[in-house]
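Visitor: Sequence and predicted structure, then a few things I'm wondering about:
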Number of protein chains: 2
Amino acid sequence: MPYTRDNLTEVLRRHDINPTHQRIEIAYALFSRGEHLSADQILAIVNDRHSETSKATVYNTLNLFLEKKLVREVIVDPSKVFYDPNPSPHHHFYNVDTGELADIDAAGIEVHGLPALPDGMVTEGVDIIVRVRAG
Amino acid sequence: MPYTRDNLTEVLRRHDINPTHQRIEIAYALFSRGEHLSADQILAIVNDRHSETSKATVYNTLNLFLEKKLVREVIVDPSKVFYDPNPSPHHHFYNVDTGELADIDAAGIEVHGLPALPDGMVTEGVDIIVRVRAG
DNA sequence: ACCAGGATCTGGACTTAGTCTAATCGTGAC
DNA sequence: GTCACGATTAGACTAAGTCCAGATCCTGGT
C-alpha cells in the first residue's frame, strides 16, 4: 500500500505525534521515497515549490520522530546523519566512495559470539554496517 | 611492550609516514592511552603543557594516519568522530547515555546470512556496534 | 657552511550541520 | 472573543572540520 498524506496522518497518531501540516509533509517526504535522507535533503524536498517549513522545524520534527521511534538514524557519514524510514529490523551496506546506503534485511542474519553485557546494561540495538567499495 | 616515542617512530616509518615531531606526539597521545579519542581531545592532550601543535595539523595528521591505516575512525556519535588506535580487528559497545566506547574483540564473533555483494563490489570491512544503556 | 626545493606546519578565515531563543501563529476550551 | 498552550519561525549562535597562503623545517648537493 503506497503512503499517502492521509494514511501517514494515522501513522503519526499511532506514534503519539500530533499530526500537523509540517509533520505530515516531512513524514511524506521520507516515507513516500523510502530512502535514507539527510535533514538537508528533507528541508529541500519539503520546500521545493514554495517555502513551507523552516530549518528548525525540520530538525525538531526529525528528532521527535526519532524519539517516538517512527524513524531511525543512521550514522555512517561523519559529516551528516541520515534518517531511515524503514520500520523493519535491518542493517546497512555503505558505499564508502559514493556515500550510498542500502538496506540489508535482518531476517536470516545471526551474530554469534558477542560477549555478555557489563552488569546492569541493556542492549538498545545491534547495528551492522558493511562498508563496500567498487573494486 | 609499552609504547614509547621511539618505538612509535618505527611504527610510523613502517606505515610510510614521515615521523615528524608533531606526528610522533599525536601518535603517542593516542597509542599510549589506548583509548578512543576525538580530534579535540587529542589537540588538548598534545598542547597540555605549552602550545605545540595547531588544530590544522592535528586534523591533517589524523587523516593521514587513517589513510595509511594506522588508526581507524569510529562513527557513532553524530557530533564527532573518534579515532581508534587498536590495530586488531574488533567491534564496539557504545553507551548511548554516556557516549562511552568499549572494544569487543572480533575473534570468536561470526556473522551468518549476509547477502552477496552487488556485482563488482568489495568489502572494506564489517562494523558491528552494540548500543547499550543502563537499565 | 650555504643554498634550493619540497614537505610540513601554522593561524586564522571559512563552511556547514545542528541548536537555541524569543517572538509569533493556530486552535480548541470556555 | 479571549485565554492558554503547543507548534512554527527567522535568525543568531556553536562547534567540528576544512582551506589557504605564508612561514618554517628538513635534506641533499655543492
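Guide: On my side now, so go ahead.
Visitor: Domain-wise, how is chain A divided?
Guide: Per automatic domain parsing, the domain ranges recorded for chain A read A:5-84, A:88-135.
Visitor: quick check, the longest one touching chain B?
Guide: Spelled out, it's domain A:5-84. Yes. Among the residues of domain A:5-84, A:73, A:75-78, A:81 lie within reach of chain B under C-beta under 8 Å from any C-beta of the partner chain. Every C-beta, even on glycine, is put in place using the N, C-alpha and C of the backbone.
Visitor: How about the secondary structure of the most far-flung residue of chain A relative to its centre?
Guide: Largest separation from the mean C-alpha position in chain A: residue A:119, at 30.4 Å (C-alpha atoms, centre = their mean). Using DSSP: H, G, I helix; E, B strand; the rest coil, the secondary structure recorded for residue A:119 is coil.
Visitor: Ok, the one 4 residues further on next?
Guide: For residue A:123, the assignment made with three-state DSSP gives strand.
Visitor: what residues does chain A put near DNA strand D?
Guide: Listed as neighbours of DNA strand D in chain A under the rule C-beta under 7 Å from any atom of the strand: A:18, A:20-23, A:51-57, A:60-61, A:78-79.
Visitor: before we move on, back to that, by neighbours, which of the residues of domain A:5-84 next to chain B wins?
Guide: Within these, most neighbours by other C-beta atoms under 10 Å in any protein chain shown means residue A:76, with 21 neighbours.
Visitor: wait, it sits on residue B:75?
Guide: Yes. The pair residue A:76 and residue B:75 qualifies as a contact (C-beta atoms under 8 Å) at a distance of 6.1 Å.
Visitor: tell me, how many neighbours does residue A:65 end up with?
Guide: Tallying neighbours of residue A:65 according to other C-beta under 10 Å, which is how burial is gauged here, yields 22.
Visitor: A helix includes it, no?
Guide: Yes. Looking at residue A:65 with three-state DSSP, it is inside a helix.
Visitor: how close does it get to chain B?
Guide: In this view, residue A:65 and chain B are 15 Å apart by C-beta to the nearest C-beta, to the nearest Å.
Visitor: neighbours around the closest residue to that residue other than its chain neighbours, how many?
Guide: Closest residue to residue A:65 apart from its sequence neighbours, by C-beta to C-beta, 6 or more residues apart in numbering or on different chains: residue A:71 at 4.6 Å. Other residues lying near residue A:71 total 23 when counted by other C-beta under 10 Å.
Visitor: quick one, what contacts residue A:71?
Guide: For residue A:71, the set of contacting residues under the criterion of C-beta atoms under 8 Å, 6 or more residues apart in numbering or on different chains consists of A:30, A:62, A:65, A:83-85.
Visitor: Cool, thanks, talk later.
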